[in-house]
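**Student:** Here is my input, please return the structure:
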Amino acid sequence: MSAADQLRESLGPVLAPLGLVIEDVTVSPAGKRRIVRVLVDADLAGLDATDTTSTVPPISLDRVSEATHAVSAVLDGSSALGEAPYVLEVSSPGVGRPLTTRDQFRRNVGRLVEVRHCAGAVTGRLVEVEPDAVHLAVPATKKTPGHSVRIELDDVQKGSVQVEFQRNDNGVADAPEDDPDIEEDP
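**Tutor:** Numbering: from 1, shown residues only. As a prediction, this is how the structure comes out:
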């Protein structure tokens, strides 16, 4: 079993009480040291199984700090890395991290996403994540009216969160709002 797999196994139970799950663990050599990168994200276990549309708050810096302390304590007491010194990096997945699982899509309800699937690519606001599909509200353009798209998760090749730069008069990013120009598919 690799060091990353050993760490993943031992970190899960430590992060669960913090409401976090492990997205990824990597251990890379860097000279005489190793870099241990741990990506954590919000645990969806507390969500009602029938809730497919509520937004999941992003992880705060305080929660990442708590996770860093918990992970560090486990690493200090573990033999997975041997005696080699290491540098620990704990973070949440960034905007550039691909969305490939249902849970990753579910955590991003309300965000603008691009979804590449077997029939092409579509960009829209992620409004719902069912057990087997995602729903996007695609905004109107000069040539097409706004509409809703349902994409089966089995057809998704990759999704990605899109960075939004819309600002209001106060220089603050606008929160996503319901778009009256979106028509539902029959």
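**Student:** roughly how far is stretch 41-58 from the heart of the chain?
**Tutor:** With C-alpha atoms, centre = their mean, to the nearest Å as the basis, stretch 41-58 stands 12 Å off its chain's centre.
**Student:** if I pick V56, what's in contact with it?
**Tutor:** 42, 44, 47, 106-109 (C-beta atoms under 8 Å, 6 or more residues apart in numbering). For the C-beta atoms, the positions are set from N, CA and C on the backbone; glycine is no exception.
**Student:** Now the two most distant members of those.
**Tutor:** The largest separation in the contacts of V56, counting by C-beta to C-beta, is between L47 and N108 at 13.5 Å.
**Student:** Neighbour count: these two, which is higher?
**Tutor:** More neighbours surround N108 than the other of L47 and N108, with 22 against 15 (other C-beta atoms under 10 Å).
**Student:** State the distance from H69 to V90.
**Tutor:** H69 sits 9 Å away from V90, going by C-beta to C-beta, to the nearest Å.
**Student:** domain ranges for this structure?
**Tutor:** Annotated domains of the chain cover 3-91, 102-183 [automatic domain parsing].
**Student:** start to end distance for the longest one?
**Tutor:** Looking back up the chat, that one is domain 3-91. Domain 3-91 has its terminal residues 19 Å apart, counting by C-alpha to C-alpha, to the nearest Å.
**Student:** Counting neighbours, what do you get for L15?
**Tutor:** Other residues close to L15 by other C-beta under 10 Å number 21.
**Student:** hang on, the earlier thing: turn the domains of the chain into TSV, including mean pLDDT.
**Tutor:** TSV is the format used below for these (pLDDT from 0 to 100):
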stretch	mean pLDDT
domain 3-91	91
domain 102-183	84
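**Student:** Now intersect the contacts of V56 with the strands, please.
**Tutor:** When DSSP state E is applied, those are split such that A42 fall in strands.
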